[in-house]
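Q: predicted coordinates and the sequence they were generated for:
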Amino acid sequence: MFGNEDEINIPIDSSKTNQMNNKNNNCKTVLNVTKFNSNTLLKIGILAVISIVVIITIVIILMIINQKEDNNNSEIPKINIEEVKKNKYCIYSILQLKSNNLDYYPDIQSTDISLEFPIENSTTKKYFCDSIKDKNIIEKKIPPDTISGKVILSIEKLNYSYEFSLDITKEINIKLNENIKFQFGSDMKITDEQITNNKNNYSIIYSFSAPAEGVYDVELSSSIAVNDPCYLYADIDYDLNSAIRKGRNVGELVKRPNSTRFTDFQKTIHGSFKLEENKEYFVKIAFLKNTGMYTYNINGIRIIPNENQNKKTFGMGYALYKLDFQNEAFYPFYPYWAVSPNYIKVENEYAEFYFNQEAYDNNYGQRHYKGAELTAYFSTNKDGWYGYKILFTDGYPKDANTSIINQIFNNNRLNTWAGHLHTRQDHLWIPIVVPHMIKKKHILILDKLSGINGIILSYILKLD
C-alpha cells in the first residue's frame, strides 16, 4: 500500500452477527477498508498516464517499422527520358529533355546530370546540365563547339544513361556566286572569293534557308583602303520584294568596319533575326557611302546563331525602312543640299538640320542655299505609311511664315511635289496640291509648337 493507512471497522447487521456467532463459536467478523489520501491518487494517475504514453509510443514504432517494410517491398519508379522528337538545333539554343519520375529523386541536382556532346576530331566533351525545370525537364544550352552526332545523358547516382542524336547548325555559309536573287550595280564584280567594285547604294540579295530554328545574325567579312565614311548594311526578310526595297538605318544593322587596306578583312555582326526551320529567307547586303565612290570589298557572308537566343529580333515584311540615327549614315536618305553654313549632322540619335537665312539672302536665287535637305529615292504604287519624330527646340522661330519639314513628289521626280508638311508661325500645315494622291482623311496633324524644352511630334501619311 502507498502512504499512511487507517483501519475502519464497519459493523455487520447484529442479527446476522448473532447467528454467525452462534454458529462460529462467537467469532467476530471485521471488514477492513483501506483509505487513500489525495497524494496517493495523484501518483496513481501519473503512473496511468505514463503507461498509456509508453503503449502509444510502442504502437507508433511498430507502425513505422511496418511502413518501412512496406516501402522496401514496393518498387520505386525508374527514371527514363522520353524519346527526343526534335533533333535539329542551332548552337546556343536550349536543349530540353523531358524525363519521367525524376521527381521521385529529390536529391538529384543539376550537377548530378551530365551530357556528353560530340565535338571535332571524333571526340566528345562532357558538361553538367544547366537546370531542372518543373522537376522533370532537363535543360542545357548547346555549347558552341558541338557538332552533329550522338549525345549521352548520364545520372551516375542512379546508374542511368540515355543516348540520342542531334543535328546541329553552327553556321550557314553564303556562297558569293550562287543563289543571287537581286543585284543593283551593273559593274559590281562577283566571284567565288570576293564581291568587289562596290559603290554607294549598290546592293545584292541571296536566298538561303535555316536548317534549325533560332535567333541568327549576319556576319560580314570586309576590307577597304580609303578613310572616307563608308558603311555596310545587312538585313534579312522572308519576302524578296520587301528585301529589295528595305533599308533600316539602325545601329545593329548598319556597321562601319575599321579596315585601312584591302588585305585587312574585318568582321562585323548585323542583327538579330528569328528564323524558322527550312523556310526560305533573303539576306540583303548594301554598300553605303556619303561621299566618294568605292566602298568595301566582301570576302565572306555567314548567317550565325546569336549567343543569346532570347534576344529581341527585328521584324520582317511590313517595315521597309527604319532609322534611329545611331551612326553617321543617313540611309535610305542621302544628303541632297547642305551648302555651308547650312548643315545636316547626326547628334544624340537625331538628324540635326541647320538653315542660315543670312547666307540665303546674300546668295538670293541660288538653289543650293535654300535649305539643308535629305532625299530618299523611294516610290510606291500601293498604300504606304511613314512617320517620324520632330523636335522643335526653344530657339525655333514661332513667327516664320514657311519652314518646309518634308515634301512628297509624284512621277518619281523631285520637281513635281504633291504635298508637303510645313510650319506656319506656331502651327503645322499640310497644303494638298494633288488631291487624288493624298486624301485629307488620311492625314494626322499635331498642330501646336510649344513646350519649354521643345516638343516631339509624330507625323504619319498614308499614300493612295
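A: Nice, I can see it.

Q: pLDDT (mean, whole number) over the helix or strand that residue 206 is a member of?
A: Using DSSP states H and E, the element containing residue 206 is strand 203-209. Here strand 203-209 scores 96 as its mean pLDDT.

Q: contacts for it?
A: 172, 174, 178-185, 188, 190, 195, 233, 240, 243-244, 278-287, 301, 303 (CB atoms under 8 Å, 6 or more residues apart in numbering). In short, each C-beta sits where N, CA and C put it, glycine included.

Q: switch to 7 Å and redo it
A: The contact list for strand 203-209, computed with CB atoms under 7 Å, 6 or more residues apart in numbering, reads 172, 174, 179-184, 188, 195, 243-244, 278-286, 303.

Q: and these, which are buried?
A: Among these, the ones that count as buried by 16 or more other CB atoms under 10 Å are 172, 174, 188, 195, 243-244, 281-286, 303.

Q: among those, which lie within strands?
A: Those of those mapping onto strands are 172, 174, 195, 281-286, 303, per DSSP state E.

Q: the next helix-or-strand element following the strand holding residue 206 pairs with which strands, and in what direction?
A: Scanning forward in sequence from strand 203-209 by DSSP H and E, the next helix or strand is strand 214-223. Strand 214-223 sits in its sheet next to strand 266-275 (antiparallel), strand 297-305 (antiparallel), going by DSSP bridges.

Q: distance between the next helix or strand after strand 214-223 and the chain's centre?
A: Downstream of strand 214-223, the first helix or strand assigned by DSSP H and E is strand 230-237. Remark: strand 230-237 is offset 22 Å from the chain centroid, using CA atoms, centre = their mean, to the nearest Å.

Q: one more: stretch 44-60?
A: With CA atoms, centre = their mean, you get 65 Å for stretch 44-60.

Q: of the strands paired with strand 214-223, which is nearest residue 58?
A: Across the strands paired with strand 214-223, residue 58 has its closest neighbour in strand 297-305 (66.0 Å, CB to CB).

Q: name the residues that touch the closest one?
A: So strand 297-305 is in contact with 90-92, 169, 171-174, 176, 193-196, 198, 208, 214-223, 262, 265, 283, 285, going by CB under 7 Å, 6+ apart.

Q: can you select the buried ones among the residues you listed for me in ChimeraX?
A: Listed next is the ChimeraX selection for buried residues among the contacts of strand 297-305, using 16+ other CB under 10 Å:
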select :90,91,92,169,172,174,176,194,195,196,198,208,214,215,216,217,218,219,220,221,222,223,262,265,283,285
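
Q: touching, residue 261 and residue 226? I think so.
A: No. If you go by CB atoms under 7 Å, residue 261 and residue 226 don't touch, sitting 9.7 Å apart.

Q: looking at those two, which is more packed in?
A: residue 226 (16 against 10; other CB atoms under 10 Å).

Q: that one and residue 295: what is the separation?
A: In this view, residue 226 and residue 295 are 8 Å apart by CB to CB, to the nearest Å.

Q: and the strand holding residue 206, how far out from the chain's middle?
A: 25 Å.

Q: check which residues of that strand are buried.
A: Residues 203-208 are the ones in strand 203-209 that count as buried (16+ other CB under 10 Å).

Q: turn those residues into a markdown table, columns for distance to residue 103.
A: Formatted as a markdown table, those follow (distance: CB to CB, whole Å):
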| residue | distance to residue 103 |
| --- | --- |
| 203 | 55 |
| 204 | 54 |
| 205 | 51 |
| 206 | 48 |
| 207 | 47 |
| 208 | 43 |
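
Q: residue ranges of each domain in this structure, please.
A: Domains of the chain are assigned by automatic domain parsing as 80-169, 172-316, 334-463.

Q: please work out which of those is packed deepest.
A: Scoring the domains of the chain by mean neighbour count under mean count of other CB atoms under 10 Å gives domain 172-316 as the most buried, with a mean of 18.

Q: now do the same end-to-end measure for that domain.
A: Criterion CA to CA, to the nearest Å; first-to-last residue distance in domain 172-316 is 19 Å.

Q: next: stretch 407-420.
A: 4 Å.

Q: again, but for stretch 282-298
A: Stretch 282-298 has an end-to-end distance of 17 Å (CA to CA).

Q: next: stretch 194-206.
A: OK, stretch 194-206 end separation, CA to CA: 14 Å.

Q: starting at the chain centroid, how far to it?
A: That offset, for stretch 194-206, works out to 32 Å (CA atoms, centre = their mean).

Q: what does stretch 206-217 give?
A: With CA atoms, centre = their mean, you get 17 Å for stretch 206-217.

Q: thinking again about what came up before, out of the domains of the chain, which comes closest to residue 45?
A: That would be domain 80-169 among those, by CB to CB, at 45.6 Å.

Q: all strands for the stretch 351-464 of the chain, in order.
A: 373-375, 384-392, 403-409, 417-424, 427-429, 455-463 (DSSP state E, counting those that start in this stretch).

Q: hmm, back to that, so which of the ones in strands among the buried ones among the contacts of strand 203-209 comes closest to residue 254?
A: Nearest member of those to residue 254, counting by CB to CB, is residue 286, at 8.8 Å.

Q: which residues does the closest one contact?
A: By CB under 7 Å, 6+ apart, the contact list for residue 286 reads 203, 233, 247.

Q: which residue is the nearest non-sequential neighbour of the second one?
A: In space, residue 233 comes closest to residue 286 once its chain neighbours are excluded; the distance is 4.0 Å by CB to CB, 6 or more residues apart in numbering.

Q: show me the beta-bridge partners of that neighbour.
A: On the basis of DSSP bridges, residue 286 is bridged to residue 203, residue 233.

Q: how close does it get to residue 303?
A: 17 Å.

Q: let me know the pLDDT of residue 291.
A: 70.

Q: ok, now which ones touch it?
A: Contacts of residue 291 by CB under 7 Å, 6+ apart are residue 228.

Q: what do you get for residue 290?
A: By CB under 7 Å, 6+ apart, the neighbours of residue 290 are 229, 335.

Q: for it, give me phi and psi.
A: phi -80, psi -40 (degrees, to the nearest 10).

Q: adjust the sequence numbering to begin at 849 for everything that follows.
A: Shifting the count to begin at 849 puts that one at residue 1138.

Q: would you check that residue 948 makes contact with residue 928?
A: Yes. Counting by CB under 7 Å, residue 948 does reach residue 928; the two are 5.2 Å apart.

Q: quick check: residue 964 vs residue 930, distance?
A: Remark: distance between residue 964 and residue 930 (CB to CB) = 19 Å.

Q: again, but for residue 1080
A: For residue 1080 relative to residue 930 (CB to CB), the value is 45 Å.

Q: what does residue 970 give?
A: Taken as CB to CB, the span from residue 970 to residue 930 is 29 Å.

Q: please apply the same query to residue 1079.
A: For residue 1079 relative to residue 930 (CB to CB), the value is 49 Å.

Q: could you dump the domains of the chain to CSV with distance to residue 902?
A: Converted to CSV, those look like this (distance: least, CB to CB, whole Å):
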stretch, distance to residue 902
domain 928-1017, 35
domain 1020-1164, 62
domain 1182-1311, 82
